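Student: from the sequence below, what's the structure:
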Amino acid sequence: MSSVPDLIRAVYTHDDMCVALLRALGSEKFKNSDKKLSRRLRASLHRYTLDSGLLYYSTDAEDAPRVIVPHDEDLKYQILYEVHDTPVSGHLGREKTYSSVSTMYWWLKLYKWVGTYVRTCETCQRTKSLPHAAAPLAGLPVPT
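Tutor: Reported below is the predicted structural model:
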């Protein structure tokens, strides 16, 4: 099975935004592509970098760069599976899963993806407690 970075590199070719970014950042593989950057991407090009064939995105100068995941549902689900469902990940909730994923990866609407994934996780639905407090116990009346 291929590693996630290898899968990401392979899927970049199917994502127009990623191809345009790769071309703009000087990737030899995409130098002849006809994909152009949108005005919005040109304005934020300083947030993107290219290293070893992977695109990285930083929200600000102090932010560690995160690998850009292209628009591919199977790839996104695989990443979420590895962070949420594997035995070492422990089926953490939305916030902890998001924190873990977002330190390494970036894609549009990542928080929403994580929320949906965790909310629909069958294992979590069966084993996690309800998010609200249980009603207090009340004594039973003693029969007379």
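
Student: tell me the domain boundaries of this structure?
Tutor: According to automatic domain parsing, the chain comprises the domains 4-58, 73-122.

Student: as JSON lines, those domains with mean pLDDT would be great.
Tutor: Shown next, in JSON lines, are the domains of the chain (pLDDT from 0 to 100):
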{"stretch": "domain 4-58", "mean pLDDT": "88"}
{"stretch": "domain 73-122", "mean pLDDT": "92"}
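
Student: could those domains go into a markdown table alongside mean neighbour count?
Tutor: Using the backbone N, CA and C atoms, a C-beta is placed for each residue, glycine as well. Formatted as a markdown table, the domains of the chain follow (neighbours: other Cβ atoms under 10 Å):
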| stretch | mean neighbour count |
| --- | --- |
| domain 4-58 | 15 |
| domain 73-122 | 15 |
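
Student: so which of those gets nearest residue 142?
Tutor: Between residue 142 and the domains of the chain, the tightest spacing by Cβ to Cβ is seen for domain 73-122, at 42.0 Å.

Student: doesn't residue 55 belong to a helix?
Tutor: No. Residue 55 is assigned strand when assessed by DSSP: H, G, I helix; E, B strand; the rest coil, not a helix.

Student: any idea how far the nearest residue to residue 65 once chain neighbours are set aside is from residue 98?
Tutor: Distance criterion Cβ to Cβ, 6 or more residues apart in numbering; nearest residue to residue 65, sequence neighbours excluded, is residue 56 at 3.6 Å. According to Cβ to Cβ, to the nearest Å, residue 56 stands 19 Å off from residue 98.

Student: next up, the contacts around the residue nearest to residue 65.
Tutor: 48-50, 65-68 (Cβ atoms under 8 Å, 6 or more residues apart in numbering).

Student: pull the contacting residues for the residue nearest to residue 127 when sequence neighbours are not counted.
Tutor: Distances taken as Cβ to Cβ, 6+ apart place residue 91 nearest to residue 127, at 7.4 Å, with adjacent residues excluded. By Cβ under 8 Å, 6+ apart, the contact set of residue 91 is 84-85, 121, 123-124, 127-128.

Student: next step: the residues you listed restricted to strands.
Tutor: With strands taken from DSSP state E, there is no overlap with the contacts of residue 91.

Student: just send those residues back as TSV, with distance to residue 143 too.
Tutor: Below are the contacts of residue 91 laid out as TSV (distance: Cβ to Cβ, whole Å):
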residue	distance to residue 143
84	50
85	50
121	46
123	43
124	42
127	38
128	38
